[in-house]
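# Got a sequence here, can you model it:
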Amino acid sequence: MAKKRLSMADEMEFPNKTRQFLDFVGVTPNVLLQEQEVGPSDQYLSLAQIHLPPQQPRRYFSPQAMDSLVASIREHGILQPLLVRPSLEGGYELLAGERRYRAAQTLKLEKVPVLIRDLADQDAIQVALLENLQREDLNPIEETEAILQLLSIRLECSPEEAVSLLNHVANLQKQGTEITNNVVRSQWELVKQIFSVIGRLSPDSFRSHRLPLLNLPEDVLHVLRQGQLEYTKARIIAQVKDAQERQQLLAETLEHNISVREIKKRIHEIQPAKTTGVPSALPNRMKDVYRRVRQAKIWEDPKKAKALEKLLGQLESLVE
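Okay, here's the model as predicted:
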C-alpha cells in the first residue's frame, strides 16, 4: 500500500492560538505535523489501543457539550485527529483530544484518526496542559491547577516556589521597587510569556483571584471541579466555617441557583457576629513562633523547608 504525506488540510486543524503555544513550548506544528511519509498506522488507531495519561489536566466535561459533540461526530465523523504518543506500557497515550476520545467511546467507534508523535514527558505534559487551557469551558479550579502545573514545569521549580515568586514580585511592584536579581528577572519574563500565551489572565489576577481558590474547603472544591458552581459563589460560601452549615448552603445553592446577593444574606444570618480588634495574644504568638523558627533553623531540613516556603507565600499574600 502506498504511503501518503500529511496534507495541508491536516495542518490547518491547528488554530492560530494552538500554533502559538506549541511554538512556545518548543513543540511546533512543524514537529507535530512533519511533512514526512507515514504509514496507515500513523493515521488511524484502534480506540482500545489509546489510554489517558496518569495526570490528566481536564476532569469534567459538560454533558450538554458532550452530547452536541457526539451528535456532530455521528454525522460528520472526527474531523481533527487525536494527538498521541507511544507508551512504555504498550499502546498509545492520549495528549490532546480527550473530548473526541470520550465521544468515540460513546459511539463505540473501532478506530479513530490520530497523529502519532514521540514526545518527551515534559513536552507531552505541556502540550496536554496548554491544549486544555484553550478550552472556553475549562472551570476555574481546573484552569488554576493547570496553570500552576505549567508554571512549575517551565520555571523548573515546585508549585509552592512558583507561588512564592508571584507573591515576591507583587510585593516589589506594590513598593515601586524594580527587580534587581537577574534570576528573578529572568523567571518573571518567562511568567509573563506564559500568561501571554494563555491569553485570559495576567500574573497578578491569577495570583489574586485564582490561587486563593485552591485553599477552599474540599466540599466546595469538589463541586467546582465538577463544573457545578461559579467560582464567585464558591469563594463566598467557603466563608462559612461550620462544615454542616456550609454543605447545607452549598446544596441549596446548587438546587435553586441562589444569587450571590442571597448567598451573602444567608451567610450573614448564620454566621456569628465578628469580634472587633485583634486578640492581644496574637502579636506575641507571632514573635514567639518567629524566634523558635530562627533557633530551630528548619530551612535546613528539605521537607520542612518546602512547607515553610508555602507558609511564607501565604503570609506574603496577607500583607499586600
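# Is there a neighbour count for Leu221? I'd like the number.
Around Leu221 sit 16 other residues, with neighbours defined as other Cβ atoms under 10 Å. All C-beta spots, glycine's among them, are computed from the backbone N, C-alpha and C.
# That one touches Asn139, doesn't it?
No - using Cβ atoms under 8 Å, Leu221 makes no contact with Asn139, being 10.8 Å away.
# In contact with the spatially closest residue to Ser202 that is not a sequence neighbour, which residues?
Counting by Cβ to Cβ, 6 or more residues apart in numbering, Ser202 lies nearest to Phe195, which is 5.9 Å off, once chain neighbours are set aside. Contact analysis of Phe195 by Cβ atoms under 8 Å, 6 or more residues apart in numbering lists 201-203, 206.
# Over to Gln49?
91-92.
# what's the spacing between it and Gln105?
According to Cβ to Cβ, to the nearest Å, Gln49 stands 13 Å off from Gln105.
# now Leu224
Separation of Leu224 from Gln105 (Cβ to Cβ): 25 Å.
# again with Val169
Val169 sits 44 Å away from Gln105, going by Cβ to Cβ.
# just Leu214 next, same as before
Distance from Leu214 to Gln105, by Cβ to Cβ: 31 Å.
# more crowded one of Val169 and Gln105?
Val169 (21 against 14).
# Quick check: which element contains the residue nearest to that one when sequence neighbours are not counted?
Nearest non-adjacent residue to Val169, counting by Cβ to Cβ, 6+ apart: Trp188, 5.5 Å away. Element membership of Trp188, judged by DSSP states H and E, is helix 182-198.
# What's the first helix or strand after that helix?
Assigned by DSSP H and E, the successor of helix 182-198 is helix 203-205.
# Run the chain-centre distance for that next one.
Distance, stretch centre to chain centre, for helix 203-205: 15 Å (Cα atoms, centre = their mean, to the nearest Å).
# Just the buried residues of the helix or strand that it is followed by, please?
Next in sequence after helix 203-205, counting helices and strands by DSSP H and E, comes helix 218-225. Of the residues in helix 218-225, 220-221, 223-225 count as buried by neighbour count, 16 or more other Cβ atoms under 10 Å.
# wait, what's in contact with the residue nearest the centre of the chain?
The structure's the chain has its C-alpha centroid closest to Ala146; by Cα atoms, centre = their mean the separation is 1.7 Å. Contacts for Ala146 (Cβ under 8 Å, 6+ apart) come out as 57, 129, 132-133, 138.
# what's the following helix or strand after the helix or strand encompassing Val293?
Using DSSP H and E, Val293 sits within helix 281-296. Going down the chain from helix 281-296, the next helix or strand is helix 302-318, by DSSP H and E.
# got the buried residues for that next one?
309, 313, 316-317.
# Ok, stretch 104-120 next?
104, 109, 112-117, 119.
# Mind picking the lowest-pLDDT entry from those?
Across the buried residues of stretch 104-120, the smallest pLDDT goes to Leu119, namely 86.
# Now do the SS call for the closest residue to that residue other than its chain neighbours.
Excluding its sequence neighbours, the residue lying closest to Leu119 (Cβ to Cβ, 6+ apart) is Arg85, at 5.1 Å. The local conformation at Arg85, judged by DSSP: H, G, I helix; E, B strand; the rest coil, is strand.
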